[in-house]
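> fold the following, please.
(chains A and B)
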Amino acid sequence: MAFLTRRIFQGLGTLLPNAYVQGFLTPTLYQGTLKGVCSPLFNCYACPSALFSCPIGSMQHFAATGKVPFYAAGTMAVVGASVGRMTCGTLCPFGFLQDLLFKVRTWKGRLPGWASYLRYAALAVLVFLIPAFSGVHWYSKLCPMGTLGAGLPWVTLSESVRALVGSLFWVKIGILLLFFTFSVVVKRPFCRAACPLGAIFSFFNRSSFLTLAWNPDTCTRCGKCQKICPVDIRPDYKPTSAECLRCLDCTRCPSLTLTTVLNRNPFGVPGKEEDGGAENLSEAPAG
Amino acid sequence: MRGRAVAFLLTALASAGLLAWGLYKAEFAKVLLNGALL
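Below is the predicted model of the structure:
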């Protein structure tokens, strides 16, 4: 996907799920039929303009009430099985914001590899375990997207909400500022280390219908794919990596392409049935 | 590659089953709005 096209999609992914502008003017919260639909994006449903539900908030609610979230989990599983983490890379508003923050010219750092396991911990502990045992929705309470999309607008717009501001609100502001600061120096820190929705989609990246394929015969291992990758990975080392957001920026290189899991020859190499995925890594030239 | 295709088919079936069961139970997203506010 061309870089500009991805930015357009990210813009649409930010605007369309937040199309209830009336919510900011009145201010009221949209509670119509669409609110029952989980969007596969990290977008707070308590935002005054939000049309859809947050899947993480919904799953957390089911965990807190001791029920299994078949609908929310099923929706995310269908999306994940179809496109893997593509919604993270091409539509997610919070991912878009982090991409923009990383454009600020300053010293840049790297996230350690182990940090990516934290998002699975966030999913298991904050979304499921703690709400299941305490009945309190702790992920929503700490979620930086909730602070940005709901907390700040409501405190600004509503006097009655403003009167309820307590110490937890300032903790939430601190978490939001922390991720904003990290996003300036590290590529997508929230998506990689804290996003439970990304953690869910990560499970499907290896076997999703749409997948990334790599051609070891044409790859020169120049590493440019890592430089443009929004999560700082080497798609040529492992095109089906759980970290990959399927943003398709790296497919500007002819050695990487989007394909389907059913396509056995994505590069159209004559006489070659298997693609150049991670399985062919041993054939790759060293260096 | 064939293994991944089989894995996709299995996960797709399981995912569709999960979603279908949720829809059958008319279990749409439960909206909790206060959690994200303060």
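> mind checking pLDDT for residue 28?
No chain in the question, so chain A it is. On the pLDDT scale, A:Thr28 is placed at 86.
> the intended chain is chain B.
71.
> check contacts around it.
If a contact means Cβ atoms under 8 Å, 6 or more residues apart in numbering or on different chains, then B:Phe28 has A:Gly36, A:Val37, A:Tyr71 as its contacts. The way it works is simple: take the backbone N, C-alpha and C, and place the C-beta from them, glycine included.
> ok, now how distant is A:Thr14 from chain B?
Plainly put, A:Thr14 is 17 Å away from chain B if you go by Cβ to the nearest Cβ, to the nearest Å.
> ok, that residue touching A:Phe94?
No - A:Thr14 is beyond contact range of A:Phe94, at 9.1 Å (criterion: Cβ atoms under 8 Å).
> before we move on, what SS does A:Gly268 have?
Three-state assignment for A:Gly268 (DSSP: H, G, I helix; E, B strand; the rest coil): coil.
> look up how far chain B lies from it.
Between A:Gly268 and chain B the computed distance is 15 Å (Cβ to the nearest Cβ).
> again, but for A:Ser53
A:Ser53 sits 4 Å away from chain B, going by Cβ to the nearest Cβ.
> what about that residue, neighbour count?
The burial count assigned to A:Ser53 is 27, neighbours taken as other Cβ atoms under 10 Å in any protein chain shown.
> now A:Leu25
Neighbour count for A:Leu25, taken as other Cβ under 10 Å: 11.
> okay, it: pLDDT?
91.
> report the separation between it and A:Ser49.
Note on A:Leu25: its distance to A:Ser49, by Cβ to Cβ, to the nearest Å, is 10 Å.
> then A:Gly89?
Per Cβ to Cβ, A:Gly89 is found 23 Å from A:Ser49.
> more crowded one of A:Thr14 and A:Phe94?
Between A:Thr14 and A:Phe94, counted using other Cβ under 10 Å, A:Phe94 has the larger neighbour count: 26 against 18.
> part of a helix, is the more buried one?
Yes - applying three-state DSSP, one finds A:Phe94 inside a helix.
> that one contacts A:Cys143, doesn't it?
No - if you go by Cβ under 8 Å, A:Phe94 and A:Cys143 don't touch, sitting 9.6 Å apart.
> ok so, going back, A:Gly89 and A:Ser49: which has the busier surroundings?
Neighbour totals were compared for A:Gly89 and A:Ser49, and A:Gly89 leads with 29 against 20 (other Cβ under 10 Å).
> now that one: how far from chain B?
Remark: distance between A:Gly89 and chain B (Cβ to the nearest Cβ) = 19 Å.
> pLDDT of the stretch of helix or strand that residue belongs to, averaged?
Assigned by DSSP states H and E, A:Gly89 belongs to helix A:86-90. The average pLDDT within helix A:86-90 is 96.
> so A:Val165 is in which element?
Assessed by DSSP H and E, A:Val165 sits outside every helix and strand.
> count of residues packed around A:Val269?
Residues near A:Val269, counting by other Cβ under 10 Å, number 14.
> do A:Leu129 as well
Neighbour tally, A:Leu129, other Cβ under 10 Å: 14.
> then A:Asn263?
By other Cβ under 10 Å, neighbour count at A:Asn263 equals 16.
> so which strand or helix has it?
A:Asn263 belongs to no helix or strand when assigned by DSSP H and E.
> for A:Trp138, what are its contacts?
Per Cβ under 8 Å, 6+ apart, neighbours of A:Trp138: A:Leu126, A:Ile130, A:Pro131.
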